[in-house]
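Undergrad: Provide a 3D model corresponding to the input given below.
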Amino acid sequence: MQKQMEKSCTLLVHFDKGAPSVANEIKESLEGNDVQLKIDALKKAIMLLLNGETIPQLFITIIRYVLPSEDHTVQKLLLLYLEIIDKTDSRGKVLPEMILICQNLRNNLQHPNEYIRGVTLRFLCRLSETEIIEPLIPSIASNLEHRHPFVRRNAVLAVMSIYKLPDGQHLLEQAPELIEKLLSSEQDHSCKRNAFLMLFNCAQDRALSYLFTHLDRINDWGEQLQMVVLELIRKVCRSNKAEKGKYIKIIISLLNAPSSAVVYECAGTLVSLSSAPTAIRAASSTYCQLLLSQSDNNVKLIILDRLNELKSSHRDILVEMVMDVLRALSSPNIDIRRKTLDIALELITPRNVDEVVMMLKKEVVKTQNGELEKNGEYRQMLVQAIHTCAIKFPEVASTVVHLLMDFLGDANVASAIDVIVFVREIIETNPKLRVSIITRLLDTFYQIRAARVCSCALWIVGEYCLSLSEVESGIATIKQCLGDLPFYTLPTEEAEAQDAPKTSQPVSAAVASSRRPAILADGTYATQSAVLETAISPSTLVQGSISSVGNLRSLLLSGDFFLGAVVACTLTKLVLRLEEVQPLKAEVNKAATQALLIMVSVLQLGQSPVLPHPIDNDSHDRIILCVRLLCNTGDEMRKIWLQSCRQSFVKMLSEKQLHETEESKAKALISHAQPDDLIDFYHLKSRKGMSQLELEDEVQDDLKRATGEFTNDGDDANRLNRILQLTGFSDPVYAEAYVTVHHYDIVLDVTVINRTKDTLQNLCLELATMGDLKLVERPQNYTLAPQSSKQIKANIKVSSTETGVIFGNIVYDSSSNVLDRTVIVLNDIHIDIMDYISPASCADVTFRTMWAEFEWENKVAVNTLIQDEKEFLNHIIKSTNMKCLTPPSALDGECGFLAANLYAKSVFGEDALVNVSIEKQLDGKLSGFIRIRSKTQGIALSLGDKITLKQKGGA
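TA: So this is what the prediction gives:
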């Protein structure tokens, strides 16, 4: 049988396929005496050879004219040339002309210049032909004792490479002894590392003997050698678990090494080898120290990922270090801060919540003073974190709510919204804080500048002002922020000429506010929010004192009539409550009259010509409803306005809490401890002179053995589902692939079976890709005996979530006819987008913001046999691997219409947004659209194709 060997590639050079170099030109340059021309010619020859050209006529020219050259660059390029040319014939025998280079290599190994010796030894590391290497063995061995470390370093690598060859142990029988002798006397760190690596790979017992002999000096070894020691420990512990304890002690001692890379590797090795609390505590403590000492943001993110992995399996130990983890918030990078907060929030317990909240409060205060551009976004993250803490542990709410209320007027609207939503939830869940929150809210109300924050604050005022003083303060605050009435005045004919400049300016300001960007009176540009500030200048739509201009007034004058409707509803609630708590009827009538006047003024403003847009119908109807209610109040309406709204809010909170509880229960079901786990009694265990760490580690191993963790091989049923048949059962070669997706990599594990009675030679799996997929390397050729099988692995890189296709064929030579090449075409492998996206959650505000920003939209018409709206929605959720953000309560009931938002995130960090809007027709069929939005085109198109394919359901 012909022996097939893989042709290894050790060199890769970019080659621009422009005008090809002619062999004759290269030959002439090599024959000349100009060194620079020889260098250029050698480079051209190497690039041609690397890209599939064969230039056999150059070999003798190079032997005659290049071999004798003393120039170092020429010698280095000569070795690269010798490295890539074919040294064997088709039968695997070394070509006779290769003997010509042996003498030159021997001369180089004895050259007075250490550089020539070093690069030649490095070249020998890549040779696999024993006929060429054998005559050079004495010269290689003599270089182990050379005075220069560069030569010794490469000599050790050459010895290791030769010893690892199939016949290497016969060529260099004494290699382990030579290297061990060198290691004991060597002073250069790099040489010691290479020597220890050689013993590690070729004579592991000698490496372990050296390690334990010099254990007391391990902290003085160089970083490179310490890294190899850790690799050796990992390898030994996997094969010999019984002796794991003594190696773990070595790792613990290496945690004090000066090199950050070694310390990081030590922590990772500890976690992979042991579950003992002492070991995990040491590893997590090390990660926390590295988190503070390293300045590189990428390093910090990697360390946070390691801590996150530890949190899932050893949360109890990480809880002790939550304050150390939070110290990473000192980094100005927003991604590091976000990841740090995510980890810390899952480590909060009743014991540490006060410390954590105190730390978060300090960070919130810092955001006031700093001038960083992302302070607003960071403050929003901190507010959300404090909100989460307060919901989990209501007793801490009183310490933070008043501090956060200072940020209701924050320029970052998202942050201010988070604060007011937090306040709204706390005032309901903590009745003791109601009075202080209402008082503080009324005091700071004038600072609020965002319409959405104002709306939520007004709702709180309307619902939670219960006492007489609170109701009166609420009405007075709203009146103060609205300013003097009316909101605008029509000029009289006499004053028209005089007041023309005054009235024209505010109108233009109001018009300007509807455009983005706007041009101000002084000629400068401003965004809409800046224009709103100018709208409350002395020359407003009404003649009034400057002190009377408030935030509600400025927002109303900018055309925000939804806020006007909220003001009307709030005033209505306050007046209705005033009727209950105010004994004086005259005071109630006075308040009602003032409220009616405000509502009528808002309606008047909405229908006036001074604003570019009139009031919308919905806001108009709500304000009219409020007017009618104040004019004629009934008990039933009073109950709806004063009780039902709050009951709806309480129901919403309870549903939210129920949903969170269900999620936490679902997570708790994935438990690492089972009811029938073994209970280990430390005092009954024979210690046998073991340290506390070794004892803990043995106990943890016993527990893992008891729970079957050591024997868990994954879900075999799931594995079978991912096997794809590539050829037919009647084909001479049967092939099937198991596809594994590792985020950015796809591994194809292809099983090839020869079903014929002939030997198949040069069998090759040829693959090609379409889409954002890239084949990493071409699988090698194999020889397949009759009825035998072969496992072939192929790696493919993925660069985006766009659906890709892998196609190809199997090519082989039959032993009966060598000239006859057989090709079997394989079935296509479609890489599913579902492998790259996973369900995720995001706030409604974030969803809406992304929906407005993302430019790629794919609109898919609903075409399904399913006739139930909820069933169709569940089918889409299951098919797309997305999470429904719309709460179940919003989907309850039967109305023939359903709208829901779905969200998922890809492994590449891309967001996928889906909106499902469906309606049941009279004939029972569903119609509507599914809209997909994303930042990139690939995910929008791929999800659309998936939905189109799967939406039929029952088909």
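Undergrad: low-confidence ranges in the stretch 651-800 of the chain?
TA: Scanning the stretch 651-800 of the chain with the threshold set as pLDDT under 70 gives 663-721, 743, 772, 799-800.
Undergrad: which parts of it are strands?
TA: Assigned by DSSP state E, counting those that start in this stretch, the strands in the stretch 651-800 of the chain fall at 723-725, 733-742, 745-754, 760-770, 773-775, 782-784, 789-798.
Undergrad: just checking, what packs against the last one?
TA: Pointing back at strand 789-798 there. Secondary-structure packing of strand 789-798 (3 or more CB pairs under 8 Å, 6 or more residues apart in numbering; DSSP states H and E): strand 745-754, strand 760-770, strand 773-775, strand 782-784. For glycine as for every other residue, the C-beta is placed from the backbone atoms N, C-alpha and C.
Undergrad: as a markdown table, those with mean neighbour count and distance to Ile930 would be great.
TA: Shown next, in a markdown table, are those (neighbours: other CB atoms under 10 Å; distance: least, CB to CB, whole Å):
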| stretch | mean neighbour count | distance to Ile930 |
| --- | --- | --- |
| strand 745-754 | 19 | 28 |
| strand 760-770 | 18 | 26 |
| strand 773-775 | 17 | 27 |
| strand 782-784 | 19 | 47 |
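Undergrad: can you put the ones you listed in JSON lines and add distance to Ala416?
TA: Below are the helices and strands packed on strand 789-798 laid out as JSON lines (distance: least, CB to CB, whole Å):
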{"stretch": "strand 745-754", "distance to Ala416": "43"}
{"stretch": "strand 760-770", "distance to Ala416": "49"}
{"stretch": "strand 773-775", "distance to Ala416": "45"}
{"stretch": "strand 782-784", "distance to Ala416": "66"}
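Undergrad: so which other helices or strands are in contact with whichever strand or helix holds Cys481?
TA: Using DSSP states H and E, Cys481 sits within helix 468-482. Packing contacts for helix 468-482, counted by 3+ CB pairs under 8 Å, 6+ apart, involve helix 434-444, helix 451-464, helix 551-557, helix 561-581, helix 585-606.
Undergrad: still on that earlier bit, so which of the helices and strands packed on strand 789-798 gets nearest Glu363?
TA: strand 745-754 (38.0 Å; CB to CB).
Undergrad: contacts for that closest one, please.
TA: Outside of strand 745-754, the residues within contact range by CB atoms under 8 Å, 6 or more residues apart in numbering are 726, 732-740, 760, 763, 765, 767, 773, 782, 784-798, 806, 810, 829, 831.
Undergrad: can you give the distance of the top helix by length along the chain from its chain's centre?
TA: Criterion DSSP state H: the longest helix present in the chain is helix 645-669. Mean-position distance between helix 645-669 and its chain equals 28 Å (CA atoms, centre = their mean, to the nearest Å).
Undergrad: what's the angle between it and helix 451-464?
TA: 110 degrees (axes from the mean of the first three to the mean of the last three CA atoms, to 10 degrees).
Undergrad: mind checking the helices and strands packed on helix 468-482 for the one nearest to Phe847?
TA: helix 451-464 (15.1 Å).
Undergrad: mind giving me the packing neighbours of the closest one?
TA: Contact here means 3+ CB pairs under 8 Å, 6+ apart; on that basis helix 451-464 packs against helix 413-429, helix 434-444, helix 468-482, helix 551-557, helix 561-581, helix 645-669.
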